[in-house]
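1. just need the structure, nothing else, for what follows:
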Amino acid sequence: MQSSAQEAISLLRSMIQVKTFSGEEGPTADLIAAHLEAKGIATTRLHNNIIARNQQWDDSKPTIILNSHHDTVKINHGWTRDPFGAEIDGDNLYGRGSNDAGGALVCLISCFIHYYTAELSFNLMLIASGEEENFGANGVSAVLDTLDFEVLLGIIGEPTQMHLGVAEKGLIVIDGVTTGKAGHAARDTGINALYLATEDINWIKNHDWDQISSVLGPVKTTVTQIEASSQHNVVPDSCSYVIDCRVNENYTLQEVLDILDQNTHASLTPRSLRWHPSGIDHDHPIVHKGKQIGRNIFGSPTLSDQVHFNCPTVKIGPGMSERSHTADEFIKLSEIEEGINIYIELLKGLQL
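-> Reported below is the predicted structural model:
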């Protein structure tokens, strides 16, 4: 195994062995900064985000950001191994955050170190970010807000089996409230807000979104929660429900919200309009390079830090999305070695 892969695995094991839940990822930020500084790479820190620039940084060159996160979700039930044990069994490294997204992060760090002193046609910035899992305000978005230069490309490390995610669905979570008029359930009085809500829900369920993406498919709207009266004999005058909207790149979040608003009884309030669809033109040089080195392209239904970037982005990393947030989460050692090699090949000779 290459020394870079051995170093990446050692760093990942150290990261697994400390608790790194979103908003509490200070210990892993310390580990990452120490790892880079031991290589002679200066770092800066904003909250629990560790930032580094390549040695040959030139303000006249375009910039590529390498980004992945070191925070994790809380431990769920079903673990049969120590989630912080960083146990190696054969080719598998077990532990919370090993697959999502520690493996991708340590591979990106190795790639950054590989190119740190190289003369490139672009600048490289590494952002090892926190608060991805809870979309906190102190994650990568806080770093991006401070940048005073244009970013031309973001490479986001997430488990994709090292295939190239060229589009990602956006998300709107919408709180809907229908308003009726209270009455006695035994009498023909009142306006049942729950019935108004069910009319909305039927429309949401059956509506066909006509702008279908070639890689992400149609917009998907799902009502996931509902609440009305707490008394059996009262016609409810209010009913609240929640819509989970997964939006393809053919719509803006505001357009989807407007269409829903025009066709429902409820007052609709989005929790955020920041988690927008993201992606990249299929003719972009990074997509051509990915195909050239044998990477498939796909559209991702899951959300990542891509939503915070106002530039073309791709999502690519070792591991499998299906392992994320699961008990006995693991990544393969061979996937880490492959990941480093593919990241390096992806950037080799790239011209933006």
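2. worst-scoring helix or strand of this structure, pLDDT-wise?
-> Ranked by mean pLDDT, DSSP states H and E, the weakest helix or strand in the chain is strand 278-279, scoring a mean of 84.
3. just checking, what packs against the helix or strand just after that strand?
-> Beyond strand 278-279 on the C-terminal side, the first helix or strand identified by DSSP states H and E is helix 285-292. Packing partners of helix 285-292 (3 or more CB pairs under 8 Å, 6 or more residues apart in numbering; DSSP states H and E): strand 164-168, strand 297-300, strand 313-315, helix 333-347. Where C-beta positions appear, they are placed from N, C-alpha and C, glycine not excepted.
4. how about the ones you listed, which one is nearest Gly40?
-> helix 333-347 (19.3 Å; CB to CB).
5. list of residues touching that closest one?
-> Outside of helix 333-347, the residues within contact range by CB atoms under 8 Å, 6 or more residues apart in numbering are 1-2, 4-5, 8-9, 12, 64, 88, 91-93, 103-104, 106-108, 110-111, 114-115, 120, 124, 155, 161-162, 286, 289-290, 293, 295, 316-319.
6. any idea how far Phe135 is from the residue nearest to the spatial centre of the chain?
-> Of all residues in the chain, the one closest to the mean position by CA atoms, centre = their mean is Ser304, 0.9 Å from it. Distance, Ser304 to Phe135, by CB to CB, to the nearest Å: 10 Å.
7. do Gln351 as well
-> Separation of Gln351 from Phe135 (CB to CB): 34 Å.
8. the two - which one has more neighbours?
-> Shown here are Gln351 and Phe135; by other CB atoms under 10 Å, Phe135 has more neighbours (17 against 8).
9. flag the shaky bits of the stretch 251-352 of the chain, pLDDT-wise.
-> Along the stretch 251-352 of the chain, segments meeting pLDDT under 70 are nowhere present.
10. what number of residues lie near Asp261?
-> So Asp261, with other CB under 10 Å, has 14 neighbours.
11. repeat that for Ser3.
-> Neighbours of Ser3 (other CB under 10 Å): 8.
12. for Val234, grab phi and psi.
-> Dihedral pair for Val234: phi -120, psi 130, per degrees, to the nearest 10.
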